[in-house]
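Trainee: Give me a model of this one.
(chains A and B)
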Amino acid sequence: MPPASSSPSRLGLGDRLFLAAVIGLPLLALLIFVWLPALASIALSFTTWDGIDLSGIHWTGVENYTQIFTNYPPFWPAVGHNVLWLLFTALLPTPFGVFLAYHLDQKIQFTRFYQTAIFLPMVLSLAVVGFVWEIIYDPDTGLLNSLLGAVGTDQHIDWLGNPDLNLWAVLIASAWRHTGYIMILYLAGLKSFDPALKEAAALDGANGRQTFFRIVLPTLKPVNVIIIVVTVMESLRAFDIVYVLGGGTGSKPGMELLSLLITDNIIGESGHIGYGSALAVILLLVSLAAIGAFLVQTFRKEDA
Amino acid sequence: MTTTTPRPAPSARAKRPAAEAARPVRPRRDTGRHLLLATVSVAWLVPLLWAVYTSLRPYEDTAKHGYFSWPRGLSLANFTDAWSQSGMPHFLFNSLLITVPAVLGTLLFSAAVAFFVTRFDFRLNLALLMLFTAGNLLPAQVLITPLYRLYLLLPLPWWMSDSLLLYNSAWGIIVIHIAYQCGFCTFVLSNYMKTIPKEITEAALVDGAPVWRQFFQIVLPLCRPAFAALATLESIWIYNDFFWPLTLIETGDKRPITSALANLQGAYFTNPNLIAAGALMTAIPTLLVYFTLQRQFISGLTLGSGKG
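Mentor: From the prediction side, this is the model:
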């Protein structure tokens, strides 16, 4: 049995004041700047508003939602792209990051170098990542077309302009970052794994792969949950890299994403706040599934 | 589980048991593994090296011979030009002004919350932890409209912001970073603090040490590895953040380097060589942080795994 925690009743007045401040200030900041806006967004999604005068808010019920589902051309493509983003990220860079972490955890030489090289894209800002890939994808002078020998001929490929290709081009750049992120998170999990369990498996004659799949992977369930949530949230929230590679002007044909549609509607002259908020709420509802699954998985054991 | 043997501070976990060292040394056939990791590493570095190569070449050279060609002369001229022409020092300073307080504030606030929920048994602890963690998972776009209106309503004194509002001020960006990032750090730190034996703070409590001393003198120093890891990640995230300044800072002049970079592209950086140089320079602060804190980075990220 773990020892009983400090019970609050033993505390003096000074201690109580200190504890109140310790929890009160962060909680206040969280409620005012995160949860209050989130709830207000939900309320705004049932209104129409040009975003200028508070008296211009009119209640319209679910009108925004019916409009979005039935009469907003970029919506379904954006949903499709978000789903594609999620599938791609979940099937390629995420497992690849785990795979690399597994190999980096084998006490080999040069680990620090490998780790740094693969994590480096994550250290760079998305603005930098955007520029780095722009000079690769540039149709006339880019590295990719030069390697393909297409520069100077009339068959050069406009990687970021062609609506059938640009999402994939951005996904490659995004995977380049995401792999290192997952690798580091998983490596942290592997490092905290109890080596005695692995030794026991080795004594029983299990090879490296068997040990990983039968013992390490199931034991690291909390980390697995984090990896899954990071993958889902990054795919749903994807914004910066598309924004930068799309030329910084909002959504572009072939690269529509929910986050960009929201930004299109609430920033700029158009001012469709209610509309944008309804899109935000749709994104929120989808995210909630991931948030909920994460919270249940992570905190269930503490409840018991 | 016995409670009589307080495990030493979590840093001990990095040291593997003696059994490992005693294992007979035999040649490991890691060639395949090295081949794999080296190939991936090089492939991952290619885009960056291409940017570095581009940035080192004079524009006249690439204009004449194309980018995919052997160099006829490399120089740092693009770096000095980008640095002096675009006002980069100014925007870098803006970035530091936002990033440093935001990272410190996030770590302090989340350490406080993690201390509260792991050291004391209040009935609402679990709910609090969930509220913080979930807050970090909300998409930023969901918050932005009401947050923007809120920032227009909240006044600041003139010596803090010349807009007299939270809107269009570095403070506003710092505040939202702290509130938003707290969730992730609280989550990691509470996992970390759970590995600190309760006996350590219990003993201090019995000795009559006030709670604030337990927090500042016992728990915080023990969390140093976790702080190093979180400081690395948070510096990277906050310095690189794009969205909050884009929406909450109106004046281009006040924006941090990452969101200013897009504007600089058209106005000052007229060719890809110069852009590459400018972009690479903006990455230097985060690279410095990463290389400085790298050693503690992995070991400090306790994500509630293993012996948690």
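
Trainee: all contacts plus neighbour counts: C-alpha atoms, from now on.
Mentor: Noted.

Trainee: what's the pLDDT at residue B:121?
Mentor: pLDDT, residue B:121: 77.

Trainee: Now do the SS call for the closest residue to residue B:134 other than its chain neighbours.
Mentor: Leaving aside its chain neighbours, residue B:134 sits nearest to residue A:291 (6.4 Å; criterion: CA to CA, 6 or more residues apart in numbering or on different chains). Here residue A:291 takes the helix state, with states given by DSSP: H, G, I helix; E, B strand; the rest coil.

Trainee: List the contacts of residue A:291.
Mentor: The neighbourhood of residue A:291, defined by CA atoms under 8 Å, 6 or more residues apart in numbering or on different chains, consists of A:229, B:134, B:137.

Trainee: Tell me how many other residues crowd residue A:218.
Mentor: If you count neighbours by other CA atoms under 10 Å in any protein chain shown, residue A:218 ends up with 12.

Trainee: measure residue A:103 to chain B for me?
Mentor: 7 Å (CA to the nearest CA, to the nearest Å).

Trainee: can you count the residues close to that residue?
Mentor: 17.

Trainee: Isn't it up against residue B:33?
Mentor: Yes - counting by CA atoms under 8 Å, residue A:103 touches residue B:33, with 6.9 Å between them.

Trainee: if we can go back for a sec, compare the contacts of residue A:291 and tell me which is most surrounded.
Mentor: Counting neighbours by other CA under 10 Å, residue B:137 comes out on top of those with 22 neighbours.

Trainee: Name all residues that make contact with that residue.
Mentor: When contacts are counted by CA under 8 Å, 6+ apart, residue B:137 touches A:233, A:287, A:291.

Trainee: any chance of those residues in TSV, with pLDDT too?
Mentor: Below are the contacts of residue B:137 laid out as TSV (pLDDT from 0 to 100):
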residue	pLDDT
A:233	85
A:287	83
A:291	78
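
Trainee: Quick one: name the residues of the stretch 51-200 of chain A near chain B.
Mentor: Residues of the stretch 51-200 of chain A lying close to chain B by CA under 8 Å from any CA of the partner chain are A:100, A:103, A:108, A:114, A:117-118, A:123-128, A:131-133, A:135-136, A:141-143, A:146, A:176, A:184-185, A:187-189, A:191-195.

Trainee: low-scoring stretches of the stretch 151-300 of chain A, by residue?
Mentor: By pLDDT under 70, the low-scoring segments of the stretch 151-300 of chain A are A:151-155, A:248-250, A:268-271.

Trainee: Residue B:162 in helix, strand or coil?
Mentor: With three-state DSSP as the criterion, residue B:162 reads coil.

Trainee: so how far is chain A from it?
Mentor: Counting by CA to the nearest CA, the gap from residue B:162 to chain A is 21 Å.

Trainee: From residue B:87, how far out is that residue?
Mentor: 21 Å (CA to CA, to the nearest Å).

Trainee: Go ahead and confirm residue B:130 touches residue A:295.
Mentor: Yes - applying CA under 8 Å, one finds residue B:130 in contact with residue A:295, separated by 6.7 Å.

Trainee: who's more crowded, these two?
Mentor: Set side by side, residue B:130 and residue A:295 show more neighbours around residue B:130, with 20 against 16, by other CA under 10 Å.

Trainee: Name the SS class of that one, please.
Mentor: helix.

Trainee: follow-up on the earlier one: for ChimeraX, what selects the buried ones among the residues of the stretch 51-200 of chain A next to chain B?
Mentor: The ChimeraX command for the buried members of these (criterion: 16 or more other CA atoms under 10 Å in any protein chain shown) is given here:
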select /A:100,103,114,117,118,123,124,125,126,127,128,131,132,133,135,136,141,142,143,146,176,184,185,187,188,189,191,192,193,194,195
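
Trainee: need the next SSE after the helix or strand hosting residue A:222, C-terminal direction.
Mentor: Assigned by DSSP states H and E, residue A:222 belongs to helix A:221-237. The first helix or strand that comes after helix A:221-237 along the chain, using DSSP H and E, is helix A:240-245.

Trainee: Touching that next one from outside, list them.
Mentor: Counting by CA under 8 Å, 6+ apart, A:126-127, A:129-131, A:133-134, A:160, A:170, A:174, A:249-251, A:255, A:260, B:242-243, B:262 sit against helix A:240-245.

Trainee: then it to CSV, C-alphas only?
Mentor: What follows is helix A:240-245, C-alpha atoms only, in CSV (Å, rounded to 0.1, in the frame of the first residue of the first chain):
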residue,chain,number,x,y,z
ASP,A,240,1.0,26.2,-39.9
ILE,A,241,2.7,24.0,-42.5
VAL,A,242,-0.2,24.2,-44.9
TYR,A,243,-0.6,27.9,-44.3
VAL,A,244,3.1,28.5,-45.1
LEU,A,245,3.4,26.2,-48.0
